[in-house]
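K.L.:
Show me the folded form of this:
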Amino acid sequence: MTSDIADDLAALGRDGYVIVPELLGPAELDALRAELAAELARGDTGRNNFEGLRTQRIYSLVGSGPACERLALHPRILAICDALLEPGYLLTASQAICLLPGETSQPLHTDDSFYRIPRPRPAISISTIWAIDAFTEQNGATQVAPASHRWSDAVVGDLLAQIDFRTDRRQRPDEPALAEDLRRQLRIATMLAGSVIVFLGTLVHRGGANRSDMPRLGLSNQYCQPWARQQENFLLSIAAERARAMPDQLQQLLGYSIHPPFMGHVRGIHPRRWRDRV
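P.N.:
The predicted structure follows:
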């Protein structure tokens, strides 16, 4: 294990998150922006206050092009996943998140709350948010509650109970009411473009409010244990012909894989073999 990865893991264990500065260079950032430009130009925004009524989201981001494929396979991120997740782990979510001017703060949440295993517990997923634009306090940088990955069900459950995932086009007021002690605990993850915040799926966090006059683009890939259900069904959202052309490791992350002895089979056959014969 390299010293960089050891430091990443130490921070994740202590704080629940780590920021790695400027892993992507200008050429990589330009390639990612180019792959997403046409879809972002459509201007579609979220369906409720959680998705963000002033937020554009592109789901199944990994299927958007080669630059997005490479991002999901970034070696620094996979090294962290290798250390924290079981072999054969999966990509559970992959999306672009573009906060438009006027977006309000997102409700506080955790990324693996739908896994109904009592807290405190080890994380079932690992999340990343890549800063394609610089993340600032003004444009809605992610906010995190350090060490909240160790909080109990009672504390986190009260926060999650306040989230309304139903379709609701009403814009919510900025800065939802938070207990003062919780507000003081939040840290703003400001980052230069090309940087990434990696955090445990059990960490309490939220997207901030965009009070600037420019959009703020971030890309999020999340990885989960090989026995956990994925948030996104990539086998349906990405055409089989497209997936077949992807690197083998990425195909495995999408779900063209078996968790021993036979979880994920298709009529007793490995999913890649089944796909390639039909």
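K.L.:
Residue 221 should be in a helix, yeah?
P.N.:
No. Under DSSP: H, G, I helix; E, B strand; the rest coil, residue 221 sits outside any helix and is assigned strand.
K.L.:
Identify the residues contacting it.
P.N.:
By C-beta atoms under 8 Å, 6 or more residues apart in numbering, residue 221 lies in contact with 61-62, 71-72, 77, 91, 93-94, 127-128, 130. Heads up, the C-betas are built off the backbone N, CA and C, glycines and all.
K.L.:
Report the beta-bridge partners for it.
P.N.:
residue 94, residue 128 (DSSP bridges).
K.L.:
Measure how buried the closest residue to residue 113 other than its chain neighbours is and give me the count.
P.N.:
Distance criterion C-beta to C-beta, 6 or more residues apart in numbering; nearest residue to residue 113, sequence neighbours excluded, is residue 160 at 5.4 Å. Using other C-beta atoms under 10 Å, residue 160 has 15 neighbouring residues.
K.L.:
Hmm, residue 111 and residue 160 touching each other?
P.N.:
No. With contacts counted by C-beta atoms under 8 Å, residue 160 stays clear of residue 111, the gap being 11.4 Å.
K.L.:
Could you list the buried residues of stretch 77-95?
P.N.:
By 16 or more other C-beta atoms under 10 Å, the buried positions in stretch 77-95 come out as 77-81, 84-85, 88-95.
K.L.:
got it, and stretch 135-143?
P.N.:
Counting neighbours by 16+ other C-beta under 10 Å, one finds that the buried residues in stretch 135-143 are 135-136, 139-143.
K.L.:
any idea which of the contacts of residue 221 is closest to residue 148?
P.N.:
Residue 148 lies nearest to residue 127 out of those, by C-beta to C-beta, at 13.3 Å.
K.L.:
Can you report how many residues neighbour residue 113?
P.N.:
By other C-beta under 10 Å, the residues close to residue 113 number 17.
K.L.:
Equivalent analysis for residue 21, please.
P.N.:
Neighbour count of residue 21, defined by other C-beta under 10 Å: 10.
K.L.:
who's in contact with it?
P.N.:
Going by C-beta under 8 Å, 6+ apart, residue 21 touches 191-192, 194-195.
K.L.:
Same question for residue 114.
P.N.:
Counting by C-beta under 8 Å, 6+ apart, residue 114 makes contact with residue 231.
K.L.:
How about residue 124?
P.N.:
By C-beta under 8 Å, 6+ apart, the contact set of residue 124 is 112, 115, 117, 201, 224-225, 228.
K.L.:
per-residue confidence at it?
P.N.:
Looking at residue 124, its pLDDT stands at 98.
K.L.:
What distance do you get for it to residue 234?
P.N.:
18 Å (C-beta to C-beta, to the nearest Å).
K.L.:
Just give me the neighbour total for the residue nearest to residue 121 when sequence neighbours are not counted.
P.N.:
Distances taken as C-beta to C-beta, 6+ apart place residue 202 nearest to residue 121, at 7.1 Å, with adjacent residues excluded. Applying other C-beta under 10 Å, we find 24 residues neighbouring residue 202.
K.L.:
my guess is residue 202 contacts residue 149, does it?
P.N.:
Yes. With contact defined as C-beta under 8 Å, residue 202 reaches residue 149; the gap is 4.1 Å.
K.L.:
Among the contacts of residue 21, find me the one that's closest to residue 247.
P.N.:
For those, the nearest to residue 247 is residue 194 (22.2 Å; C-beta to C-beta).
K.L.:
Return the residues in contact with the closest one.
P.N.:
Counting by C-beta under 8 Å, 6+ apart, residue 194 has contacts 21-26, 28-29, 130-131.
K.L.:
No further queries at this time; thank you.
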